[in-house]
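Chemist: My questions are about this predicted structure, shown below with the sequence.
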Amino acid sequence: MKVLTSIAAVTRSGLADMKKTLLDLLPPAMVASVLTFWAYAPATWTKPSWSITVAAWVTMALIQALELVAERHPGWRINWRELLTDMFYVGLSATAISWAAATFADDPVRAAKDALGIATPGIKDWPFLIQVGAVLVLFEFGQYWMHRLMHNNALLWSTHAPHHHVTQLNAMKGAVGNPIEMFLINLSILALFDFPQTALFAAFNVMTVVVAFAHANVRSDPPIWYGYFFTTIRHHSLHHTALSYEDTRWNYGNALILFDRIFGTYREGESAIVGQDERKRLSIGEQFMFPFRPLVAKFKAKRAASSGL
């Protein structure tokens, strides 16, 4: 009987170790799957402009579902209020924010590029993985410095602070924030280059995988080599910690933690307690109005003073 009990215990331990190994390998496996899809899927699937939106939603839905079976922290457990709020922000990012970025940034840059005769046709001859890597590096380089600036400039911080008011991390939390910040963080110089649409979509989908896992309440700790280049939940949870203001000024990389390593802003660690100030969760309205609070306060004070006369 003791022998059978020991065998059962070893079997359970082995299965648990196997499950953990599979979970740890999921982020790089999904990155590889995304790259394979965009490289080999038929054009009827990859050519429509909406294909990246569908791919992003499917990616986030899969990672969100993982939270139900491989929870990392009970305190981050998703509920309907959080889920519906997160979905609202993802929808906002895919519609209004994307439209604003295209209309007020990408299209004018592209028009100026064409007017000046700037062209980079040689990019189309690069290997697919090099194209995707170039898009990823160019986009993430801009995001890194914009994110870092937001933490070191009072005006920009007022737009970014709402994102730090989230009190739990989940797969879609990367989209939660003030619309002004969401617009600014999506600015890039990609419109100056003639990247094929498939390479752009593949890079954006890779970023969706990485960023979703970096915010997800999933018990996955990717291999060391993955975490050297890509941001993980350990890196990003420390950036969101409510326990130390100093720690939130590290690990700015959205998808590429590599830039933090290069520019000296990397810090090892993890935090299960996230949030800002007194860890007050902001409603959608409070998120939207957050940068304007000083103006609202002045208006109310002026009105109160006028009423007292």
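Modeler: Sure, I can see it.
Chemist: can you list the weak-confidence ranges in the stretch 151-300 of the chain?
Modeler: Flagging of the stretch 151-300 of the chain using pLDDT under 70 yields an empty set of residue ranges.
Chemist: where do the helices sit along the stretch 51-200 of the chain?
Modeler: Secondary structure of the stretch 51-200 of the chain (DSSP state H, counting those that start in this stretch): helices at 51-66, 80-92, 98-101, 107-115, 128-150, 154-164, 179-185, 197-215.
Chemist: Please name whichever of those helices is nearest to residue 256.
Modeler: helix 128-150 (4.3 Å; CB to CB). C-beta here means a position set from N, CA and C on the backbone, and glycine is covered the same way.
Chemist: Can you mark which positions in the closest one are buried?
Modeler: 131-136, 138-140, 142-144, 146-148, 150 (16 or more other CB atoms under 10 Å).
Chemist: now stretch 154-161
Modeler: 156, 158, 159, 160, 161.
Chemist: Excluding residues flanking it in the chain, which one is nearest the second one?
Modeler: Spelled out, that is residue 158. Distance criterion CB to CB, 6 or more residues apart in numbering; nearest residue to residue 158, sequence neighbours excluded, is residue 291 at 4.2 Å.
Chemist: if we can go back for a sec, turn the helices of the stretch 51-200 of the chain into a markdown table, including distance to residue 73.
Modeler: Shown next, in a markdown table, are those (distance: least, CB to CB, whole Å):
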| stretch | distance to residue 73 |
| --- | --- |
| helix 51-66 | 14 |
| helix 80-92 | 13 |
| helix 98-101 | 31 |
| helix 107-115 | 41 |
| helix 128-150 | 24 |
| helix 154-164 | 17 |
| helix 179-185 | 25 |
| helix 197-215 | 12 |
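Chemist: wait, which of the ones you listed is closest to residue 276?
Modeler: Among the helices of the stretch 51-200 of the chain, helix 154-164 sits nearest to residue 276 (CB to CB), with 4.1 Å.
Chemist: counting contacts, what elements does that closest one pack onto?
Modeler: With contacts defined as 3 or more CB pairs under 8 Å, 6 or more residues apart in numbering; DSSP states H and E, helix 154-164 has these neighbours: helix 128-150, helix 179-185.
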